[in-house]
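**Student:** Here is a sequence together with a model predicted from it:
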Amino acid sequence: MRLFVIAVTVLYVAMSLAMPALAQDMGHSRHKRTQEKTTAPAANKANDRDYKAALDRMPTPTEKYDPWGTARAPAASSDKH
């Protein structure tokens, strides 16, 4: 019984050391296939359009940036505190 427990422990340690290396190798080929599918010209045009729209929404250096600007109602003319 003691030999069996030692054998299982050694096998478990060996497998746990090999798992991270296997996990790194498994996702690499899947990522390449995903990248190849998205290189269509229509997808590139859509990405460019979205990128330019995001640039247009960015404030100029002279404007003050308010990240919560669209999440709250406009401020009233007088502050009531």
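**Tutor:** Nice, thanks for sending it over.
**Student:** residue boundaries of the helices in the protein?
**Tutor:** Assigned by DSSP state H, the chain shows helices spanning 2-37, 41-57.
**Student:** and those, which one's lowest on average pLDDT?
**Tutor:** Here the helices of the chain differ in mean pLDDT, and the lowest is helix 2-37 at a mean of 72.
**Student:** Go ahead and name everything in contact with stretch 5-18.
**Tutor:** Where contact means C-beta atoms under 8 Å, 6 or more residues apart in numbering, no residue beyond stretch 5-18 reaches it. The way it works is simple: take the backbone N, C-alpha and C, and place the C-beta from them, glycine included.
**Student:** could we number from 657 for the rest of this?
**Tutor:** In the new count, where the first residue is 657, that last one comes out as stretch 661-674.
**Student:** export it as CSV, just CAs?
**Tutor:** In CSV, the C-alpha atoms belonging to stretch 661-674 read as follows (Å, rounded to 0.1, in the frame of the first residue of the first chain):
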residue,chain,number,x,y,z
VAL,A,661,0.8,5.8,-2.5
ILE,A,662,4.4,6.8,-3.4
ALA,A,663,3.8,5.8,-7.0
VAL,A,664,0.6,7.9,-7.2
THR,A,665,2.3,10.9,-5.5
VAL,A,666,5.2,10.8,-8.0
LEU,A,667,2.8,10.5,-10.9
TYR,A,668,0.8,13.4,-9.6
VAL,A,669,3.9,15.6,-9.2
ALA,A,670,5.1,14.7,-12.7
MET,A,671,1.7,15.5,-14.3
SER,A,672,1.4,18.8,-12.4
LEU,A,673,4.8,19.9,-13.6
ALA,A,674,3.9,19.0,-17.2
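**Student:** And Arg713, how far from Thr726?
**Tutor:** 10 Å (C-beta to C-beta, to the nearest Å).
**Student:** and what of Asp712?
**Tutor:** 15 Å.
**Student:** do Thr718 as well
**Tutor:** Distance from Thr718 to Thr726, by C-beta to C-beta: 20 Å.
**Student:** Right, I'll call it a day here.
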